[in-house]
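In: structure, please.
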Amino acid sequence: MSSYPNLYLLVSGAVTAWRAGEIAGALRPYAERLIIVQTPGSRQIVSPLTLSRILGCCVVDAYLDQALQPRAPIAPVVFAPCSFNSLNKLAQGCADNLALSICAEMIGLRQTVIVAVSLNERLWAHPAARASVATLRGWGAHVIEPSYDGTGLTLGPISAIIAALPPA
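Out: Numbers count the residues shown, from 1 in each chain. From the prediction side, this is the model:
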């Protein structure tokens, strides 16, 4: 299995952010270094300390972190889970936190960007969600829609995220 030198995992404050460790563990074999960046809201659900304990992962929270110097590495991005708020901000070109900034840069550089949306039925039904997904797809991002888990909509399967990664 070939791996990327760097791979980003961006984590938003979706209810499923507690799965970030599981997602990081699944992505880790595909990168020499997995750079994890959380939105401020995700830190209320999963601790950066928990994520930093995953071997080969580097959790950063500022552009001045050594892992991003002298500039953030150009690398594929997995934004999982991506909340309603982050989805819509990203599609509007907002970059008001480090995770959104990195994702916006990589979209601009035409890097692989995989956005795994994690929304409940009510938010998924909102017209802004569908419009944002269409915009991101128009920009070349691969969007993984929420899936039904037997009780409601949630983050799609991690296997779908992995399958969306092109060969390194």
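In: okay, CA-based contacts and neighbour counts for the rest of this
Out: OK.
In: and the strands in this structure?
Out: 4-11, 31-38, 57-60, 77-82, 113-117, 142-144, 147-148, 153-154 (DSSP state E).
In: roughly how far does the residue sitting nearest the centre point of the chain sit from G108?
Out: Centroid-nearest residue in the chain, with C-alpha atoms, centre = their mean: F79, separated by 1.1 Å. To G108, F79 is 15 Å away according to C-alpha to C-alpha, to the nearest Å.
In: hang on, the earlier thing: quick one: contacts for the residue nearest to the centre of the chain?
Out: Each residue near F79 by C-alpha atoms under 8 Å, 6 or more residues apart in numbering is listed here: Y8, L9, L10, V11, S12, C103, V113, I114, V115, A116.
In: over to V78?
Out: L7, Y8, L9, L10, V113, I114, V115, A116, I161.
In: and if we set it to 7 Å?
Out: Taking C-alpha atoms under 7 Å, 6 or more residues apart in numbering, we find V78 in contact with Y8, L9, L10, V113, I114, V115.
In: how close does it sit to P166?
Out: Counting by C-alpha to C-alpha - V78 and P166 are separated by 12 Å.
In: just the buried positions in stretch 123-136, please.
Out: W124, A129, R130, S132, V133, T135, L136 (16 or more other C-alpha atoms under 10 Å).
In: my read: I114 touches G140, true?
Out: No. Here I114 does not reach G140: they are 9.4 Å apart, not a contact under C-alpha atoms under 7 Å.
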